[in-house]
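Undergrad: Starting from these lines, generate the structure:
(2 chains)
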Amino acid sequence: MTDIIEKARSKLKEIIIEELSKLNWPELPINSDPPEGDLSVICFPAAKEMKKAPEEIATELAEHLLKETSIKEIETVNGYCNITINWIELMPEILDEISTENFGRGEKKNKEILIEHTSANATGPLHIGRARNPIIGDTMARLFDFSGYQVKTEYYVNDIGRQACTLAYGIENHPNEEGGKIDYQLVECYKKGTADLEENEKAKKEIYDLMEECEGGVEESLTRVNGASKKVLEGMKISLDRLGVTPEIFTYESELITSGAVQRVVTLLQKSSLCNEEEGALYLDLEEKGIAGRNQKFFFTRKNGLSLYTTRDVAYHMNKFERCDEALNILGEDHKLQGKLLTIALQEISQPVPKSMFYSFVSLPGGKMSTRAGRVVYLDEMMDEAVLLAKREIEKRRKDIVGKSLEELSEKIGIGAIRYNIIRIQSDKGFKFKWEEALNFEGDSAPFVMYSHARAASILKKIKRENNEVVIPKELHLSELKLIRTLMKFPSIVTEATERMKPHKIPYYLQTLSSNFNKFYRDCPVVETEYEWFRKELVISTKKVLFEGLEILGIEAPETM
RNA sequence: GGGCCUGUAGCCUAGCCUGGAAGGGCGUCUGGCUUCUAACCAGAAGAUCCAGGGUUCGAAUCCCUGCAGGCCCGCCA
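TA: Next up is the predicted model:
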């Protein structure tokens, strides 16, 4: 992506540096993203050497630079020399760039990235703590796609192991037909199964036997357990779908056993020089990898020879890399150590390693989320609340929106608000869930951004003239300048958010863009004015960037609201 | 005990990688809808950037030491 402004900035920087050396002044740092203007020369460092106040240096420098035609104006504040580029002369190029179809989109890369997200144990309905995973994962998938990668999304289903076996046992021994949606229905079976596991020796043995059979690859047992997980998963998928998240591939842990992939990993790990044995169980000694203490022994088989979760995870990643060039995992922070061990194991057998993004947990005002203590907010519940509130808000201000349109719009706004409010927070920051924040429809929120988009759409609808005269104003209104400046940042924001895996950059950017657009349409009338053509171009571009920014967040941008 | 992460106005949050003017939002107070939709806009008040030390002309940002909170430390998943 050619960046006109970046070029203009670099050129101007060179000019400034040249001027400084001509004047025989010390070289000064230049800020390329100052709070005011486009470039800012920081004059403090020269103060001592020149025996002058920074403010005085700034003023003098400004006088020397003013003759430069690419500079629109210079303001000196507290020893900063703030330079505004002459945007008008760049305007034709800028308009060209921001109006291209692919503005902000990364060039097509011939790289397939597989993003694994959610992968929650299929034992019951998703709650809002877990909801952070699909929202981050889906947003990253959209970001990578927008940046030009070929993206696949995948949900890893842990359909063997204690939880899955307990579920299968629960369904068979405590059938339940009540409770509506299937994941709510079956979680009751799971709860009863868990109670049995804890209190009833016979049940415990049955569940542990089932686990062993699964790990050992007994087909009938695998089918039983996999079937149970799949049922609950159906319910979870409905919730995810409503959130706008639809993982493309579901990979089942059991498949890794039946395909022999796990066994192959065990064989590979056995050949490692780090491999040791203790009472028949195999482990890697990680001392030389800098891991000491309790985690030093990384077991990959049990004394009965069966595999462990991490062993299967190694197999899973080898399987993944047969299907992609890069892998990204979205995981809760409780998986950090696990991720580290996985990486070491993969490296030990010369396999590629995945990237990981970890997020902190969501708690409730009463404390940690706990199904047992009845302290949970389900994702479904939250979506219902948000959509209902959105509906009430629409009814308050738009009597003309009714019926199906009302339902659809409420859905877009309610779901959008949730996604926005979760993704806006940096992922390694934990937070307490509060209804009033989750349901915020003002300020830094999805509806705020959506509203700006709808206003842009509305302005465009009011433009009647078709072949407007192309007129670029001789002066830009400050609100126009700030809007254009913000628009031009979009490509670099997308790149940064993708590459540094910081999806929260997008809502932050959209908030700023919306805010600048709102000020623009307050200050600069568009319809039936001398500058209708020019401003219409700005509105079109803003609308498109808002639309695409929201799309990256998985939020639909309505034409009216 | 060890490891990782977080700490910024009453509340939420950006900035930390790459040092240079503490940015948004909620809430509070004041003002603005006969003029492209007021989910908006303008203005005000509100910050010892967890504490202490170090490096630097300059530290929210880098380094060290604490403190507080979260997460992890099984031949579980």
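Undergrad: which bits of the stretch 51-200 of chain A sit near RNA strand B?
TA: Listed as neighbours of RNA strand B in the stretch 51-200 of chain A under the rule CB under 7 Å from any atom of the strand: A:V77, A:N78, A:Y80, A:N82, A:N121, A:N158, A:I160, A:G161, A:R162, A:Q163, A:A164. C-beta: built from backbone N, CA, C; applies to glycine.
Undergrad: Let's see that with 6 Å instead.
TA: A:V77, A:N78, A:Y80, A:N82, A:N121, A:N158, A:G161, A:R162, A:Q163 (CB under 6 Å from any atom of the strand).
Undergrad: Now the buried members of those.
TA: A:Y80, A:N82, A:N121, A:N158, A:G161, A:R162, A:Q163 (16 or more other CB atoms under 10 Å).
Undergrad: Which of those residues fall in helices?
TA: Among those, the ones falling in helices (DSSP state H) are A:R162, A:Q163.
Undergrad: For the buried ones among the residues of the stretch 51-200 of chain A next to RNA strand B, point out the one with the lowest pLDDT.
TA: Taken together, those show their lowest pLDDT at A:G161, with 90.
Undergrad: And it, how far from A:L210?
TA: Distance, A:G161 to A:L210, using CB to CB, to the nearest Å: 10 Å.
Undergrad: now swap in A:E107 and tell me
TA: Taking CB to CB as the measure, A:E107 falls 51 Å from A:L210.
Undergrad: which of the buried ones among the residues of the stretch 51-200 of chain A next to RNA strand B lies closest to RNA strand B?
TA: Nearest to RNA strand B, judged by CB to the nearest atom of the strand, of these is A:G161 at 2.6 Å.
Undergrad: and A:K464, how many neighbours?
TA: Neighbourhood size, A:K464 [other CB atoms under 10 Å]: 8.
Undergrad: before we move on, what SS does it have?
TA: Put simply, A:K464 is coil when judged by DSSP: H, G, I helix; E, B strand; the rest coil.
Undergrad: For it, give me phi and psi.
TA: Backbone torsions of A:K464, given as degrees, to the nearest 10, read phi -100, psi -40.
Undergrad: Nearest residue to the residue in chain A that RNA strand B sits nearest to in space, please, no chain neighbours.
TA: The nearest approach of chain A to RNA strand B comes at A:G443, 1.9 Å away (CB to the nearest atom of the strand). In this structure, A:G443 finds its nearest non-sequential neighbour in A:Q511, 7.9 Å apart by CB to CB, 6 or more residues apart in numbering.
Undergrad: got the contact list for that neighbour?
TA: A:G443, A:D444, A:F448, A:V449 (CB atoms under 8 Å, 6 or more residues apart in numbering).
Undergrad: do the same with A:V232
TA: A:V232 touches A:A122, A:T123, A:G124, A:L167, A:I182, A:D183, A:L186, A:V187, A:Y190, counting by CB under 8 Å, 6+ apart.
Undergrad: Sort out which of those are in helices and list them.
TA: A:L167, A:I182, A:D183, A:L186, A:V187, A:Y190.
Undergrad: And the pLDDT at the closest residue to the fifth one other than its chain neighbours?
TA: Computed as CB to CB, 6+ apart, the closest residue to A:V187 that is not its neighbour in sequence is A:G124, at 3.2 Å. pLDDT, A:G124: 95.
Undergrad: Now for A:K181, how many residues are close by?
TA: Using other CB under 10 Å, the number of residues around A:K181 comes to 16.
Undergrad: Could you list the low-pLDDT ranges of chain A?
TA: For chain A, the stretches with pLDDT under 70 are A:1-2.
Undergrad: Now A:I472, what are its backbone angles?
TA: Dihedral angles (degrees, to the nearest 10) for A:I472: phi -100, psi 130.
Undergrad: For the stretch 351-500 of chain A, which residues are neighbours of RNA strand B?
TA: Within the stretch 351-500 of chain A, the positions lying close to RNA strand B (CB under 6 Å from any atom of the strand) are A:360-361, A:368, A:390, A:393-394, A:397, A:413, A:425-426, A:428-431, A:437, A:440-444, A:447-448, A:451, A:454-455, A:458-459, A:462, A:500.
Undergrad: Tell me which of those residues fall in helices.
TA: Using DSSP H, those in helices are A:390, A:393-394, A:397, A:413, A:437, A:447-448, A:451, A:454-455, A:458-459, A:462.
Undergrad: what's near enough to touch the residue nearest to A:V187?
TA: A:D183, A:Y184, A:L186, A:V187, A:Y190, A:V232, A:T371.
Undergrad: Let's see that with 10 Å instead.
TA: Neighbouring residues of A:G124 by CB atoms under 10 Å, 6 or more residues apart in numbering: A:163, A:167, A:183-191, A:232, A:235-236, A:371, A:376, A:378.
Undergrad: Equivalent analysis for A:F441, please.
TA: A:F441 neighbours (CB under 10 Å, 6+ apart): A:A386, A:L389, A:A390, A:E393, A:I413, A:G414, A:G416, A:A417, A:P447, A:F448, A:M450, A:Y451.
Undergrad: Nearest to A:F44 among those?
TA: Closest approach to A:F44 among those (CB to CB): A:F448, at 37.9 Å.
Undergrad: Which among the contacts of A:Q511 count as buried?
TA: Using 16+ other CB under 10 Å, the buried members of the contacts of A:Q511 are A:D444, A:F448, A:V449.
Undergrad: With distance to A:S254 added, can I get those in TSV?
TA: Shown next, in TSV, are the buried ones among the contacts of A:Q511 (distance: CB to CB, whole Å):
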residue	distance to A:S254
A:D444	44
A:F448	45
A:V449	43
